[in-house]
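Peer 1: Here you go, sequence then predicted model.
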Amino acid sequence: MMRHDVAIVGGGCVGLSVAKHLAEETDLDVAVLEKEHHLAAHQSGRNSGVLHPGFNYPPDSKKAQFATEGTARMKAYCAEHDIPCEELGVLVVAQDDSEEARLEELAEQAEANGVEYELLDSQADIQAHEPHAVGQAALYAPEAASVDSQQYVYELAKEVQEAGVSLYTGYEVTEIDHAADGYSLATSNGRFEVSYLVNAAGLHADTLAHQVGVGEQYQVVPFRGEYYEVRPERAELCQTMIYPTPDPELPFLGVHYTRRADGKVIVGPNAVLAFGREAYDNTDVNPRDLYETLTYEGFRKLLSSKMMVKVAWNELNKSYRKEKFTAASQRLVPEVRAEDLHKSYAGIRAQLVSDDGELVKDPLFVERDDAVHILNAVSPGFTSSLPFGEHIAEVLAEKV
């Protein structure tokens, strides 16, 4: 049996950030338990790698605070540790009057959050930034950047191990029980006794939290986001990042273009219900996970909304019909063709849903006297990982 002061379940960017800051700020004996044998296998390594500077979040919100601070800190971290990071900027394009009005709101939020921006009101101005993009107006945010997310996670892991944190890979936490002095954790490779717990298990955070009576009014519903890559000889169609104007009623941005730190241009993601928490292909099915989702009261209430049913149907079409995905891509860049796109990777978003059928859109963590359960490290979780992890570390340190 292994003994540590603190166990952090989940070796993704948030869990490792918590470990980094605990090691820097305390003398606690910290362990990170990661179920996979290699890091960044799930949300932390299956994302676009974009740093979102914070213009899309309400002023004074945790999202805005973490995104703006996180963008600056991530750039500095990447520079210090020689991690690929390209500050490319993002162009948010409006196609009609209602979207252009939304751009004005984004500009106000950017102003309040201290984010650089420029409003463009003509096709000529748009194409000065992105020659192949089409729209009637746009917001340009130069601070957006693209980072190699997997290298970032591995650098965090290297740093925490050098600071004395024990990193266990291939240790899946299967059961959490209260113990006389903290918690007893059953894993695929033995049992751990710990005084304090940080649940940063991402796609499985709710399952572990429910074992100790935490967050039972919420459940993770997995949504798969699929990416296509623009073939290299057509990569000039996107020089930086091209985004649609976000719909404030939806948690998903929609199909967009990202030039990654390695120079590849990816298009996506869509957002379709995944038939398993780790069902990365649209033919993958985990019967237990799917049954859990379909019988969840909150999910059934979510689908009682006609708008959500329409969105779900459209997203499903993009997953199984390439022409639908291409059509969504052409809304921003009309020159792109189906033959320009080939399948790339997919990620699963751990979308927290409440029992009343609401999508939880803000970061959510639940404190206990000897634990912190991170139930919703929602986008921009990657961007926010350094300040968010520091915040969780401070919360836990106050309990010790």
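Peer 2: Yep, it's here.
Peer 1: looking at it, residue 177 is touching residue 192, isn't it?
Peer 2: No. Residue 177 lies out of contact with residue 192 (Cβ atoms under 8 Å); the separation is 11.0 Å. Quick note: C-beta positions are derived from backbone N, CA and C, even for glycine.
Peer 1: which neighbours do these two share?
Peer 2: By the contact definition Cβ atoms under 8 Å, 6 or more residues apart in numbering, residue 177 and residue 192 are jointly contacted by 184, 185.
Peer 1: higher neighbour count, these two?
Peer 2: Between residue 177 and residue 192, residue 192 has the larger neighbour count (other Cβ atoms under 10 Å), namely 24 against 11.
Peer 1: Please, which helix or strand holds the closest residue to the more buried one other than its chain neighbours?
Peer 2: Closest residue to residue 192 apart from its sequence neighbours, by Cβ to Cβ, 6 or more residues apart in numbering: residue 185 at 4.3 Å. Element membership for residue 185, per DSSP states H and E: strand 182-187.
Peer 1: What are the buried residues along that strand?
Peer 2: For strand 182-187, the neighbour count (16 or more other Cβ atoms under 10 Å) marks 182, 183, 184, 185, 187 as buried.
Peer 1: Other residues contacting it?
Peer 2: 7, 9, 33, 168, 171-178, 191-197, 212, 370-371.
Peer 1: Keeping just the C-alphas, turn that strand into PDB.
Peer 2: The C-alpha trace of strand 182-187 is given here as PDB (Å, rounded to 0.1, in the frame of the first residue of the first chain):
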ATOM      1  CA  GLY A 182      -8.600  10.900   4.500                       C
ATOM      2  CA  TYR A 183      -9.200   8.500   1.600                       C
ATOM      3  CA  SER A 184      -8.400   5.000   0.500                       C
ATOM      4  CA  LEU A 185      -8.000   4.700  -3.300                       C
ATOM      5  CA  ALA A 186      -8.300   1.400  -5.100                       C
ATOM      6  CA  THR A 187      -6.300   1.500  -8.400                       C
END
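Peer 1: Within the sheet, what are the partner strands of it, with directions?
Peer 2: Here strand 182-187 has these sheet partners by DSSP bridges: strand 173-179 (antiparallel), strand 190-199 (antiparallel).
Peer 1: Go through these and name the closest to residue 119.
Peer 2: Ranking these by proximity to residue 119 (Cβ to Cβ) places strand 190-199 first, at 41.5 Å.
Peer 1: how far is that closest one from where the chain is centred?
Peer 2: Mean-position distance between strand 190-199 and its chain equals 25 Å (Cα atoms, centre = their mean, to the nearest Å).
Peer 1: need the strands for the stretch 101-250 of the chain, in chain order.
Peer 2: For the stretch 101-250 of the chain, strands defined by DSSP state E, counting those that start in this stretch occupy the ranges 118-120, 137-141, 145-147, 166-169, 173-179, 182-187, 190-199, 218-230, 241-244.
Peer 1: Between the ones you listed, which one is closest to residue 94.
Peer 2: Between residue 94 and these, the shortest gap by Cβ to Cβ is with strand 137-141, which sits at 4.5 Å.
Peer 1: Quick check: neighbours of that closest one in the sheet, parallel or antiparallel?
Peer 2: Here strand 137-141 has these sheet partners by DSSP bridges: strand 90-94 (antiparallel), strand 118-120 (antiparallel).
Peer 1: pLDDT value on residue 251, please?
Peer 2: The per-residue pLDDT reported for residue 251 equals 67.
Peer 1: err, residue 97, not the other one
Peer 2: Reported pLDDT for residue 97: 95.
Peer 1: quick revisit: biggest separation within the buried residues of strand 182-187, which pair?
Peer 2: For these, the farthest-apart pair by Cβ to Cβ is 182 and 187; their separation is 15.3 Å.
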